[in-house]
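# Structure, please.
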Amino acid sequence: MANLSKRLPTNIDGNLYVDSTCIDCDTCRQLAPATFKEDGDYSTVFRQPETAQEEFSAYQALIACPVGSIGTKVKDAKVFSEARASFPLHIEDGVYYAGFNSEKSFGANSYFIRHLSGNWLVDSPRYLKQLVRFFEDQGGLRYIFLSHEDDVADAAHYAKYFGAKRIIHQADVAAMPDAERVIDGNEAVQIDPGFVCIPVPGHTAGSMALLYQNRFLFSGDHLWWDRALRQLGTPQNLVWDDAQLKRSVRKLLDYAFEWVLPGHGERVQLPLEDMKNAVRQLLHRRWNVQHSLL
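Next up, the predicted model:
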């Protein structure tokens, strides 16, 4: 829980605050951008909520925060309860943002996919009764897709409870050595109709993206929306191999998708051709690849 005595001086005066235990993971800024912003090595409250929706979003951020760095001087129990019950958040077509980000994955986002042939968990949130009950109500979990070694969090607990098969790349398997399905090499692998695992080495040697229905790309820490640039972004630090990363981004032009749902960074939806152009622009901006070569 947040501690008022550790309140950051960058917070604007008011009920809501961030304390010095913040790990700057971006979760709060994604959920409540009208309230939180980055300031140095932390998130901070730059504007207190002014509407009921802004307050609700701020409480969602408080609940999702992986390290409990967000606090209130006076908690509204009703808003808190309703915000907690709102997770997982439905995005579109049976795809949900799980919420309850885990400190074990540095606050990475995780996602749930409801599907008739069996449900998927993409990376792992905290292991909580609320999420277990939700997954049970939706029919359990068949697969747990692990985008890379950094974001496995509590996947083993969910796999054990639901009997789910964990999917990870061989190059990152040390993070989940007893995974039931290990992908090897750089070729895409279809697991079930509509689900394609795409190796995208670069951030780590075993980074993978999951493409669902040729619409949703669960990109791990390989690709995200940069809210400041209003363009797609990809790692520049913490990169295992930059040449591999460039090839992996280029590979995505071979696929159709309109959603990018990352582990870290902003999610975004663009029309299919706009998304392809955004990938091309990223290749040009990041590696000076000319559009004529794409």
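
# just the helices in the chain please.
Using DSSP state H, the helices found in the chain span residues 27-31, 52-64, 77-85, 129-137, 155-162, 242-251, 272-287.

# Reformat those as CSV; add distance to Asp39 and mean neighbour count.
Backbone N, C-alpha and C define where each C-beta goes, glycine included. Formatted as CSV, the helices of the chain follow (distance: least, C-beta to C-beta, whole Å; neighbours: other C-beta atoms under 10 Å):
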stretch, distance to Asp39, mean neighbour count
helix 27-31, 11, 24
helix 52-64, 15, 21
helix 77-85, 24, 13
helix 129-137, 31, 14
helix 155-162, 32, 18
helix 242-251, 29, 18
helix 272-287, 26, 17
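
# Any idea which of the ones you listed gets closest to Ile168?
Nearest of the helices of the chain to Ile168, taken as C-beta to C-beta: helix 155-162 at 8.9 Å.

# Give the other helices and strands that the closest one contacts.
helix 129-137, strand 143-145, strand 165-169 (3 or more C-beta pairs under 8 Å, 6 or more residues apart in numbering; DSSP states H and E).

# What residues does Ser102 make contact with?
Neighbour list for Ser102: 66, 108, 110, 124-126, 153-154 [criterion: C-beta atoms under 8 Å, 6 or more residues apart in numbering].

# Same question for Leu232.
Counted by C-beta under 8 Å, 6+ apart, Leu232 has contacts 223-226, 260, 268, 278-279, 281-282.

# what two of those are the furthest from one another?
Trp224 and Gln281 (14.3 Å).

# care to break the chain down by domain?
4-85, 89-293 (automatic domain parsing).

# Output the ones you listed in TSV, with mean pLDDT appended to each entry.
Shown next, in TSV, are these (pLDDT from 0 to 100):
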stretch	mean pLDDT
domain 4-85	97
domain 89-293	96
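
# picking that back up, would you list the helices and strands packed on helix 155-162 in JSON lines and tack on distance to Arg84?
Formatted as JSON lines, those follow (distance: least, C-beta to C-beta, whole Å):
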{"stretch": "helix 129-137", "distance to Arg84": "7"}
{"stretch": "strand 143-145", "distance to Arg84": "23"}
{"stretch": "strand 165-169", "distance to Arg84": "27"}
